[in-house]
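Student: the following comprises the amino acid sequence and a computationally predicted model.
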Amino acid sequence: MANNASDDEDETHSARKQQSRVKRRKTNVGRPIATGYRSTRATASLSGILDAFQHGIQIGSTSDEETRDDECFDAIVESLIPEYLQTRHDTWAQCCDINESGEVIRPLSRYETTAILDYANKKNKATGTPSVAESIILRKIELQRQRGRANAQSPLRALKPSSLTSLQVPQPSAAPSDVLDHLRTIQSTRYEHSFASRLYGSKARRAPGLIAVDWETRTPWMNLLDDIHEHYSLAHAEREQPGRIRVPITYASLQPRYLSQVHDLLIRVFWDGINISDSLKYSPERCTVVATYGHLVVGVALLSSPQETYITYLAVRAGWDNSQIATTMLYHLISLNPHRDITLHVSANNPAMLLYNRFGFKAEEFIVGFYEDYLNSQSRASMNAFRLRLRR
């Protein structure tokens, strides 16, 4: 009885299985099998699987049961799995990168992207607002999914390193000789009319203690330098001529870098042992005026202090005299100390008496032997002196 019951169950199961197969066959009988299918992005890599589906439908529509058992859907798909895995591996190989640590990284698949976003949404509903880092990561993942749906390439992958080509820098061509000659003949432009004034402003950058800048004055020494340069240019016309930059005469207050040249100038004009380092302590911006040509000190004018206003020294370098340098220094020295009388002593035969008279200095006293302790007995300067005062 047990065997009979088992046989009945097998027959019943076989009958149900055959009936379901018959029903499935009936649904396809008389219907043409579609040879084409809708083209999507998945068809490019899963065409073999779609062919397997079509082949399975054709097998199900046949009446030969042995053929269906031998060529079942599982057997056909199993033969296509290695090809699909190889296709996936090739696709990943094209999309993979290497990070700074040398590890291979690949983009997330659609399933992984969807799973991460679903998990994050569930977690955010349970815990609340995500952190800033989590929001940035989720935003990037969502953006990647939207690019995938739109079939848009990532901007970071749009430019491959292999597609870059080195920039060919053209070699500068030599300028014509006549152009260079014309450029060398261009003289320096005054600052207020120069391109630098447009960049930095209409006023030039003031040097420390700057009082005035003179572009017009031409001294004998400057003319001599021009003559030497012109003579060299004519004598060696075949050589490349050095360019000259026009430099003004600058008037500024005494600075520490001028001390050595000022001491040398005063010793040459007056006597040995002169040291004016203390002038840096007593308002040098009001009591000192130094004339320079580039880095060369060509003149100096000094007051003892703003309270005493006594002119101790007024000197101009040889070769730079008779060029209004002393006049300009005295003018600025008087202008820096308004409403105060200014006094000085000058040798009786010194031509500077005419300069002081033009500024309104008047003689108040004649002192005999004033310079005996300072001047050499062989000096041409008079030992007697006048005391002059400029009343304000």
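Tutor: Looks like it came in fine. Numbering: from 1, shown residues only.
Student: ok, now which ones touch the residue nearest in space to the middle of the chain?
Tutor: Centroid-nearest residue in the chain, with CA atoms, centre = their mean: residue 199, separated by 16.8 Å. Contacts for residue 199 (CB atoms under 8 Å, 6 or more residues apart in numbering) come out as none. Placement of C-beta: from N, CA and C, glycine included.
Student: and it, how far from residue 191?
Tutor: Distance, residue 199 to residue 191, by CB to CB, to the nearest Å: 11 Å.
Student: likewise residue 133?
Tutor: From residue 133 to residue 191 the distance is 56 Å (CB to CB).
Student: residues touching residue 283, list them.
Tutor: Residues counted as contacts of residue 283 (CB under 8 Å, 6+ apart) are 305, 306.
Student: run through the bridge partners of the closest residue to residue 352 other than its chain neighbours.
Tutor: Nearest residue to residue 352, sequence neighbours excluded (CB to CB, 6 or more residues apart in numbering): residue 346, at 5.8 Å. Residue 346 forms beta bridges with residue 386, as assigned by DSSP bridges.
Student: which residues of the chain score low on pLDDT?
Tutor: 1-74, 152-167, 169, 172, 200-206, 243 (pLDDT under 70).
Student: compare residue 133 and residue 191 (neighbour count), which wins?
Tutor: Neighbours per residue, other CB atoms under 10 Å: of residue 133 and residue 191, the larger number sits with residue 191, 16 against 8.
Student: if I look at that one, how far off is residue 353?
Tutor: The value you get for residue 191 to residue 353, if CB to CB is used, is 37 Å.
Student: before we move on, back to that, the residue nearest to residue 352 reaches residue 356, doesn't it?
Tutor: Yes: assessed by CB atoms under 8 Å, residue 346 is found in contact with residue 356 at 6.6 Å.
Student: residue 247 is in contact with residue 294, isn't it?
Tutor: Yes: with contact defined as CB under 8 Å, residue 247 reaches residue 294; the gap is 4.8 Å.
Student: those two: which is more packed in?
Tutor: Between residue 247 and residue 294, counted using other CB under 10 Å, residue 247 has the larger neighbour count: 14 against 10.
Student: you'd agree the more buried one is in a strand?
Tutor: No: applying DSSP: H, G, I helix; E, B strand; the rest coil, one finds residue 247 to be coil, outside a strand.
Student: so which elements touch the helix or strand encompassing residue 182?
Tutor: Taking DSSP states H and E as the criterion, residue 182 maps to helix 177-185. Helix 177-185 makes packing contacts with no helix or strand when contacts are defined by 3 or more CB pairs under 8 Å, 6 or more residues apart in numbering; DSSP states H and E.
Student: what's the first helix or strand after it?
Tutor: Following helix 177-185 in sequence order, the next helix or strand is helix 195-200 (DSSP H and E).
Student: after that following helix comes which helix or strand?
Tutor: Following helix 195-200 in sequence, per DSSP H and E, is strand 210-214.
Student: ok, and what's touching whichever helix or strand comes after that following strand?
Tutor: Downstream of strand 210-214, the first helix or strand assigned by DSSP H and E is helix 220-235. With contacts defined as CB under 8 Å, 6+ apart, helix 220-235 is touched by 241, 244, 293, 319, 320, 322, 323.
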